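Chemist: next comes the sequence, and after it the predicted model I'd like to discuss.
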Amino acid sequence: MTLTRSIRDGSSLANPVLPRIQPQYYAAIIAAEAIGKSGNARVDDIDIDHKNVTGYAFYEGTKLARAVFLNLNPYEPDERQRSSVRLELQFASKGQPEPLVMQVKRLAIK
């Protein structure tokens, strides 16, 4: 099996390429972890000013428990580097102290 159309714009490819897993598959794996095991998580979109990045905040009760940021740019094997995006986060909220501890997880696909 080969791909005969571009994953970027649907145009025909001069040379077919091997199929590969798209970002949406990995997003489902990440979302399952972000939702957590409590069964009480509530999710809300995070407004991000970037066309290829989406973000979600996961709350347990009224407390922010997890946040997920996804780079939706597809990776082409013939590109030298994967795309990356820099995000600057602010966690302060009215009347609430900034968090003292944070755990960061990154899904790295090889």
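Modeler: That came through fine. Numbers count the residues shown, from 1 in each chain.

Chemist: E88: how many residues sit nearby?
Modeler: E88 has 4 neighbours, counted by other C-beta atoms under 10 Å. For every residue, glycine as well, the C-beta is placed using N, CA and C.

Chemist: what of S93?
Modeler: The burial count for S93: 9, using other C-beta under 10 Å.

Chemist: when you give positions from now on, start the count at 11
Modeler: Sure, I'll start numbering at 11, so the last one becomes S103.

Chemist: got the contact list for it?
Modeler: Shown in contact with S103 (C-beta atoms under 8 Å, 6 or more residues apart in numbering): no residues.

Chemist: could you look up the SS state of the most centrally placed residue in the chain?
Modeler: The geometric centre of the chain, computed from its C-alpha atoms, lies nearest to L80 (C-alpha atoms, centre = their mean), at 1.6 Å. L80 falls in the strand class when you classify it by DSSP: H, G, I helix; E, B strand; the rest coil.

Chemist: just list whatever residues bridge to it.
Modeler: Here L80 sits in beta bridges with T64, going by DSSP bridges.
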